[in-house]
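Novice: Sequence and computational prediction follow.
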Amino acid sequence: MNSARAWLVWGAAVFAYVVAVLQRSSLGVAGVDAQDVYSISAATLSTLAVTQIVVYAGLQVPVGVMLDRVGPKFLLVLGAVVLGLGQAVVAVSPPHIGVAIAGRMLVGAGDAMTFISVIRLLPSWFRGPVLPQVSQWTGNLGQIGQILSAIPFAAVLHTAGWSTAFAVAAGVAGVSVVVLMLVVRDSPVGRTELPVVASWAAAGRQLAESVKRPGTRLGFWSHYVTQSSGTVFSLLWGVPALVGGLGFSRGEASGLLALLVVTGVVAGPLLGLLTARFPLRRSNLVLGIVSVLGLMWTLVLAWPDRPPHWLVVALVVALGVGGPGSLIGFDFARTFNPLRSLGVANGIVNVGGFLASFVMMFLIGIVLDALHRAGVAAGDPQPLFAWSSFRVAFCVQYVIVGAGVVGLVVDRRGTRRRMHLEEGIEVGPLWVALSRKLRRH
């Protein structure tokens, strides 16, 4: 455990996750180009991204069940193969949008097998306080894939064209297949340390038991409220809003996507330390992050006319913190589930942010199209990606994320109640704990 070989295996697995994020986020950079290549509306463009996310979210629990049966290496390799195939299909798809949708569905399927497999790999190779830190680094370093899509992939896209860019991305997925085959093992002895689930019926029972645990649901809602806004921004609507709505150049928009990732890499270790240092206050961290996100979106959307660039940068920084903040959800899953069912628990948690993301992506596209049609009918046509339209469309986040905050608070109470009954641990309100600390000093 915690050996040099463990770090080598982790590095190879993280490389596979970086490649998966590259494939996942490539459409976000290509959103404006996709509208031109396929001559599609905002709703259809959102469908191209939403189908990918729907497949990703829909496969999380089945993949989690498989993960507890076959181990992480098999699914990592299979995921990389499917990712490469999906990007190859997208590369040859123009001008048929249906073919591109099929390709992005394959990307979603391959992506669904990657992250939770990497997370499931970690407890077999690492022990002790380093484990939450490694989990944070895994999620944060994986987001380098967004930088690769925002800069080199975008450069290839805008110089060599759509087909070449996506073909190159498919080739990178092939490289990750080779690395995984050569380096990764399920555990130091080469196989999963715990016995796999005996049958699919037993796997179903583990799934039901995991869902019943309020700690698992707390992880679900934590992921739901912190990750979704940044995912919507980086995977689809960020570049159209920045370029078409706010007048940023394509290069500036790519730079802001890179800033989002860099912020996550910087904030992740700090959040990992806080998670390990204050394990009973993890939900307070989550609520603090979502509160900052809500405040920044309110300032940007309520600003008269167009918000200044510095405020948009501040919003991007806040979105960047949301990414590593969502990894706290997996820490809840690890804490409140036995290792034998950790795969399915991680799958349940990972559904959260992507469920919220695809709902918001689709609704934003619907609102943009509706406002565009209303403007045309009134004789005052606005560009499809006008900032005035985005200001209204982005407000759907308040409804979706707000519902998640309610769920989080409810299941936090259930988790704390169960901890008190089973372990005698009582967690009081944060303000009470702070006042007691001040009195002691």
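Specialist: Yep, that arrived.

Novice: is it true that residue 225 touches residue 286?
Specialist: Yes. Contact criterion C-beta atoms under 8 Å: residue 225 and residue 286 qualify, at 6.8 Å. Just so you know, the C-beta spots here come from the backbone N, C-alpha and C atoms, and that holds for glycine as well.

Novice: Next one: the nearest residue in space to residue 129 that is not next to it in sequence from residue 61, what distance?
Specialist: Among residues not flanking residue 129 along the chain, residue 276 sits closest, at 5.5 Å (C-beta to C-beta, 6 or more residues apart in numbering). Counting by C-beta to C-beta, to the nearest Å, the gap from residue 276 to residue 61 is 28 Å.

Novice: can you pull out the helices in the stretch 201-350 of the chain?
Specialist: Counting by DSSP state H, counting those that start in this stretch, one finds helices in the stretch 201-350 of the chain at the ranges 214-232, 238-240, 250-277, 282-302, 309-326, 328-336, 342-377.

Novice: Just put these in a markdown table and tack on mean neighbour count, distance to residue 120 and mean pLDDT.
Specialist: Shown next, in a markdown table, are the helices of the stretch 201-350 of the chain (neighbours: other C-beta atoms under 10 Å; distance: least, C-beta to C-beta, whole Å; pLDDT from 0 to 100):
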| stretch | mean neighbour count | distance to residue 120 | mean pLDDT |
| --- | --- | --- | --- |
| helix 214-232 | 28 | 14 | 93 |
| helix 238-240 | 24 | 30 | 90 |
| helix 250-277 | 20 | 18 | 87 |
| helix 282-302 | 18 | 20 | 95 |
| helix 309-326 | 22 | 17 | 94 |
| helix 328-336 | 24 | 10 | 86 |
| helix 342-377 | 23 | 5 | 88 |
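
Novice: from what I can see the residue nearest to residue 129 touches residue 132, true?
Specialist: Yes. Proximity of residue 276 to residue 132 meets the contact threshold set by C-beta under 8 Å, at 4.7 Å.

Novice: returning to that earlier point: tell me which of the helices of the stretch 201-350 of the chain approaches residue 7 most closely.
Specialist: Residue 7 lies closest, by C-beta to C-beta, to one member of these: helix 250-277, at 16.0 Å.

Novice: how about the strand or helix carrying residue 134: buried residues?
Specialist: In this structure, residue 134 sits in helix 130-142 according to DSSP states H and E. Residues of helix 130-142 classed as buried: 130-142 (neighbour count, 16 or more other C-beta atoms under 10 Å).

Novice: ok now do residue 311, which residues does it touch?
Specialist: 299, 300, 303 (C-beta atoms under 8 Å, 6 or more residues apart in numbering).

Novice: how much does the helix holding residue 134 deviate in direction from helix 214-232?
Specialist: Relative orientation of helix 130-142 and helix 214-232, computed by axes from the mean of the first three to the mean of the last three C-alpha atoms, to 10 degrees: 20 degrees.

Novice: State the next helix or strand along the chain beyond helix 130-142.
Specialist: helix 144-148.

Novice: Just the buried residues of whichever helix or strand comes after that next one, please?
Specialist: Per DSSP H and E, helix 144-148 leads on to helix 154-160 as the next helix or strand towards the C-terminus. Neighbour counts over helix 154-160 (16+ other C-beta under 10 Å) mark 154, 156, 157, 158 as buried.

Novice: what's the following helix or strand after helix 154-160?
Specialist: Going down the chain from helix 154-160, the next helix or strand is helix 162-183, by DSSP H and E.

Novice: Next, the buried residues of that following helix.
Specialist: Going by 16+ other C-beta under 10 Å, helix 162-183 has these buried residues: 162-163, 165-170, 172-174, 176-177, 179-180, 183.

Novice: Next, give me the two most distant ones among those residues.
Specialist: 162 and 183 (32.6 Å).

Novice: Quick check: of the contacts of residue 311, which lies closest to residue 229?
Specialist: residue 300 (11.6 Å).

Novice: looking at it, that closest one is touching residue 316, isn't it?
Specialist: No. Look at residue 300 against residue 316 with C-beta under 8 Å: they stay out of range, at 10.0 Å.

Novice: Other residues contacting stretch 153-173?
Specialist: 19, 22-23, 26, 29-30, 33, 37, 80-81, 83-88, 90-92, 94, 110, 250, 254.

Novice: Quick one, which of those are buried?
Specialist: Buried among the contacts of stretch 153-173 by 16+ other C-beta under 10 Å: 19, 22-23, 26, 29-30, 33, 37, 80-81, 83-88, 90-91, 94, 110, 250, 254.

Novice: Looking at those residues, which are in helices?
Specialist: Counting by DSSP state H, the part of those found in helices is 19, 22-23, 26, 29, 33, 37, 80-81, 83-88, 90-91, 110, 250, 254.

Novice: element containing residue 14?
Specialist: Taking DSSP H and E as the definition, residue 14 sits inside helix 4-29.

Novice: Distance to residue 41 and pLDDT for the buried residues of helix 130-142 - can I get that in CSV?
Specialist: Output for the buried residues of helix 130-142, formatted as CSV (distance: C-beta to C-beta, whole Å; pLDDT from 0 to 100):
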residue, distance to residue 41, pLDDT
130, 49, 79
131, 46, 78
132, 44, 71
133, 45, 76
134, 43, 85
135, 40, 79
136, 39, 74
137, 40, 83
138, 37, 87
139, 34, 79
140, 35, 79
141, 36, 86
142, 32, 88
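
Novice: gap between residue 34 and residue 90?
Specialist: In terms of C-beta to C-beta, residue 34 sits 10 Å off from residue 90.

Novice: what touches both of these two?
Specialist: With C-beta under 8 Å, 6+ apart as the test, residue 34 and residue 90 both reach residue 100.

Novice: list the contacts for the closest residue to residue 356 other than its chain neighbours?
Specialist: In space, and not counting its chain neighbours, residue 356 is closest to residue 228: 3.5 Å by C-beta to C-beta, 6+ apart. Listed by C-beta under 8 Å, 6+ apart, the contact set of residue 228 reads 353, 354, 356, 357, 360, 397, 400, 401, 404.
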